[in-house]
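Undergrad: Got a predicted structure plus its sequence, pasted below:
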Amino acid sequence: MNGTTVTLVGNVATGVEYRETASGGVARFRFAVTGRRWVREQGAWADGSTSFYTVFAWRTLGANLAASVAVGDPLVVHGRLRVREEEREGKHRTFVDVDAVAAGHDLTRGTAAFRRTTRSGTSAEHQREYQAGHQADHQGEYARGVAPVDASMNVRTQSGIEGSVTPVPPSVERSTAQF
């Protein structure tokens with residue numbers, strides 16, 4: 001299916017509504033994109049007009065967005081653009097929607113901690129690897145926020161790469177995440 005693909009950088013304007021449908025779960029939220037321009041006379045950046053889009057995300061992307069995104073969060077959304085025209089109460093209205101293919105926090109404006117989700121129906125071996133590699137996220141002193149900064153854990157990725165990583169204590173993560 002051909003269509004116009006867009007990448008939008010902006011902020012979540014409404015809470016993410018998630019619901020299950022016959023074809024899978026869907027998340028929906030409003031997204032605000034404000035253009036910026038350099039004003040030479042003032043030597044500063046100025047906000048332009050704000051455009052609003054309704055973003056739809058299906059299945060896993062929708063569930064992950066609902067679990068990860070809050071009003072005001074800066075996001076990058078990539079997807080297919082849809083323009084709808086409706087007539088309500090005698091007034092002609094145009095709506096611009098985006099069917100998201102990918103979305104994530106805008107890391108130019110803060111930090112984020114990524115947590116891989118598990119899929120139902122995956123092999124037991126894959127589940128054990130996932131749990132072993134992410135054990136610090138779910139139990140022990142680190143999960144309670146009191147792990148020493150020099151604590152490290154051995155991990156093995158899905159592709160078989162092994163190594164040692166030093167986790168950032170949760171208190172540090174919170175202090176650097178400024179959205």
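TA: Done, it's in. Numbers count the residues shown, from 1 in each chain.
Undergrad: Helices of the protein, residue ranges please.
TA: Taking DSSP state H to define them, one finds helices in the chain at 59-68, 124-133, 135-138, 140-143, 170-176.
Undergrad: What's the end-to-end length of stretch 9-25?
TA: Criterion C-alpha to C-alpha, to the nearest Å; first-to-last residue distance in stretch 9-25 is 24 Å.
Undergrad: how much space between Ala112 and Gly104?
TA: When C-beta to C-beta, to the nearest Å is the yardstick, Ala112 and Gly104 sit 8 Å from each other. Where you see a C-beta, it was placed from the backbone N, CA and C, and this is true even at glycine.
Undergrad: An error on my part: the question was meant for Gly25.
TA: In this structure, Gly25 and Gly104 are 18 Å apart, going by C-beta to C-beta.
Undergrad: Ok, Val83 next?
TA: According to C-beta to C-beta, Val83 stands 25 Å off from Gly104.
Undergrad: ok, those two, which is more surrounded?
TA: Neighbour tally, Val83 and Gly104, criterion other C-beta atoms under 10 Å: the higher count belongs to Gly104, 15 against 9.
Undergrad: give me the beta-bridge partners of the more buried one?
TA: In this structure, Gly104 has the following beta-bridge partners (DSSP bridges): Val76.
Undergrad: for Ala44, same thing?
TA: When bridges are assigned using DSSP bridges, the partners listed for Ala44 are Val39.
Undergrad: Tell me where the model's unsure across the chain.
TA: 1-2, 119-179 (pLDDT under 70).
Undergrad: Which residue ranges make up each domain of it?
TA: For the chain, the structural domains run 5-105, 124-176, going by automatic domain parsing.
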